[in-house]
Each structure stands twice: as C-alpha cells, then as structure tokens.
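[1] Provided below for reference: sequence and predicted model.
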Amino acid sequence: LLIDSEHAPVDPRAMLPLMQAAAPYPTSVVVRPGWNDPVEIKRLLDAGAQTVLVPYVQTAEEARAAVAAVRYPPLGIRGVAGTTRASQWGAIEGYTQQANDEICLLVQVETEAAARNIEEIAAIDGVDGIFVGPADLAASMGFPGETGRPEVRAAVARASFEMLVGFQLTEDQLRYNATR
C-alpha cells in the first residue's frame, strides 16, 4: 500500500492515521515523502513507517543522502527520539540499535540522467530497491504522458535490466522488450 505525499496533498501528520488504519491488516505500507528531505523522512519513520520510497534520486550522492536520512548515527543522520510510535513509545527494547537493519529504503529513478546512473545508485549500501518511474522518465525524454512509447519502454527495460542483472542490453534486446 503506497501512501504518497509527493503527488498528493498529504503531509506526515496526515499519513499517521493512514498507517494506523493499515496496521491491523496483512499488508506492507510504503510511504513516499515529497522529496529527499531528511526532516520529512525522519518524521515519517518516527510515525512508524518501515519502508520509504524516496522520489527523484538522480545520483549516487543523492542515494547516499537518502540512506543517511533513514539511518541513526553513526551510520546516518536520523535524529534519535526516545518515545515515538516507531519504538512503540519506548516499549521496543533496543529500537535504535536494530532500526537501521529493519528500515527498507527504496529510491525512484525517474530521468534519463538517473537511468544512466542506475548501477552506481544501486551499489550504494543501504539502498534496498529501485523503482524506475516511467511517467517522469518519459517527460525527461521529451515525451510527457507517453509512457507506452517504444523509446520510453526501451529506456525502462534498459534501466531495469542493467540494475537487476548488471549487463548492457543490445539494441535487438531493447527493441524486443519495448514491443512486449
């Protein structure tokens, strides 16, 4: 279940009751902050988010910044608060010691430049997954609203395959994937 504050008028305060509503059910909540903003990310994590999808990550350095935002020192810059919903108001013993290992960080690659950097972004320790965003990618390629265009589909396929299997696709393989 994605709770979005990038493209929806939802701030961290409004996300809390949505996360609470989903909590009793067998689903995983993914929260998307409006930007790669460590203050907003910290508030979402303190409210109990376990998985964060950071939009518009263009470079390995921006991916490192997202990792720092979700991790407590010395591995990151997330501020420590003793009693938050994330720690069940202090009832989870050792929360700050284990949280770095339990938070899932996903980043969005949404432009041609980011797609070219996908291997470097994926190599950053602490990035647990990458979502290739076809709408913004299409717009960055000069085709806003045309996510089904063969050039866009090929770019999504190239970025996805390069990230997943670590090899360059041939033009024939790209054409095949773009037509599927």
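    All right, it came through fine. Numbering: from 1, shown residues only.
[2] Same question for whichever helix in the chain runs longest: list its buried residues.
    Longest helix in the chain by number of residues (criterion: DSSP state H): helix 150-165. Within helix 150-165, the residues that qualify as buried are 152-163, counting by 16 or more other CB atoms under 10 Å. The C-beta positions use only the backbone N, C-alpha and C, and glycine is treated the same way.
[3] can you list the weak-confidence ranges in this structure?
    85-92, 163-180 (pLDDT under 70).
[4] can you give me the helices for it?
    So, for the chain - with DSSP H - the helices run 12-22, 38-46, 60-70, 95-102, 112-116, 118-122, 134-140, 150-165, 171-179.
[5] okay, those in JSON lines with distance to residue 6 next?
    Converted to JSON lines, the helices of the chain look like this (distance: least, CB to CB, whole Å):
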{"stretch": "helix 12-22", "distance to residue 6": "12"}
{"stretch": "helix 38-46", "distance to residue 6": "10"}
{"stretch": "helix 60-70", "distance to residue 6": "14"}
{"stretch": "helix 95-102", "distance to residue 6": "23"}
{"stretch": "helix 112-116", "distance to residue 6": "15"}
{"stretch": "helix 118-122", "distance to residue 6": "18"}
{"stretch": "helix 134-140", "distance to residue 6": "10"}
{"stretch": "helix 150-165", "distance to residue 6": "19"}
{"stretch": "helix 171-179", "distance to residue 6": "27"}
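[6] just the angle between the longest strand along the chain and helix 60-70, please?
    Longest strand in the chain by number of residues, with DSSP state E as the criterion: strand 104-109. With axes from the mean of the first three to the mean of the last three CA atoms, to 10 degrees applied, the angle from strand 104-109 to helix 60-70 works out at 150 degrees.
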